[in-house]
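In: Make a model of this:
(one chain, ligands or ions: 1)
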Amino acid sequence: MIKPDAVADGNSGAILKMIEEAGFRIVALKLTSLSEERAGQFYEVHKERPFYNDLKRYMSSGRIMAAVLEKENAVADFRKLIGATNPAQAEEGTIRKKFAKSIEANAVHGSDSDENAQLEGSFFFSGLEMYA
Ligand SMILES: Nc1ncnc2c1ncn2[C@@H]1O[C@H](COP(=O)(O)OP(=O)(O)OP(=O)(O)O)[C@@H](O)[C@H]1O
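Out: Model (predicted):
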């Protein structure tokens, strides 16, 4: 997912270019937005964390771009490409190093397992949209 700060700043195209250049194939893509409630569902694993309410507000503050990506070893390679959650700790050449503004407004989200990638893909896309 490309998060609201990056979409609002006009960085979606540059981020998708980095993703494609790193060897990922985009198999589904959608510009959309999340209500606070839907954002809360997406990040439900964090509901006990102190930043949960801020995260819901931020994730529903503007348009987001949802994508399903395909590649060998996609989850691990995408986590490497996006870089550390906190951009201050993100390595040179990562998406977050280049585009993230803060630990919250950190430009992109990546699934943390194959299982969650399936669930998160289905959160945004119907089967037909993903495998067309
Ligand atoms: N300490 C924090 N303060 C504010 N927001 C935070 C903090 N930690 C995480 N977040 C926000 O919650 C999101 C989810 O946190 P998580 O620990 O799962 O990081 P991540 O796996 O790198 O990010 P994501 O799940 O978005 O790919 C972060 O991307 C960030 O937007």
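In: in the protein, which spans are strands?
Out: With DSSP state E applied, the chain shows strands at 25-33, 63-70, listed in chain order.
In: list the contacts for residue 100?
Out: Each residue near residue 100 by C-beta atoms under 8 Å, 6 or more residues apart in numbering is listed here: 5, 83, 87, 90, 106, 107, 108. C-beta: built from backbone N, CA, C; applies to glycine.
In: How far does stretch 120-132 sit from its chain's centre?
Out: 15 Å (C-alpha atoms, centre = their mean, to the nearest Å).
In: Using CSV, list the CA coordinates for it.
Out: The C-alpha coordinates for stretch 120-132 follow below in CSV (Å, rounded to 0.1, in the frame of the first residue of the first chain):
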residue,chain,number,x,y,z
GLU,A,120,-4.6,-8.0,2.8
GLY,A,121,-5.0,-8.6,-1.0
SER,A,122,-8.5,-9.8,-0.3
PHE,A,123,-9.1,-6.8,1.9
PHE,A,124,-8.9,-4.5,-1.2
PHE,A,125,-9.5,-6.7,-4.3
SER,A,126,-12.0,-9.3,-5.5
GLY,A,127,-10.5,-12.5,-6.9
LEU,A,128,-11.3,-11.3,-10.4
GLU,A,129,-9.4,-8.1,-9.9
MET,A,130,-6.3,-9.9,-8.6
TYR,A,131,-6.0,-12.6,-11.2
ALA,A,132,-7.3,-10.9,-14.3
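In: Give me the residues contacting it.
Out: Under the contact criterion C-beta under 8 Å, 6+ apart, stretch 120-132 has outside partners 1, 27, 28, 30, 32, 41, 42, 66, 68, 111.
In: show me what contacts the first one?
Out: It stands for residue 1. Neighbouring residues of residue 1 by C-beta under 8 Å, 6+ apart: 64, 65, 66, 67, 108, 109, 120.
In: now, which of those residues sits nearest the ligand?
Out: The ligand has its nearest neighbour among the contacts of residue 1 in residue 109, at 3.5 Å by C-beta to the nearest ligand atom.
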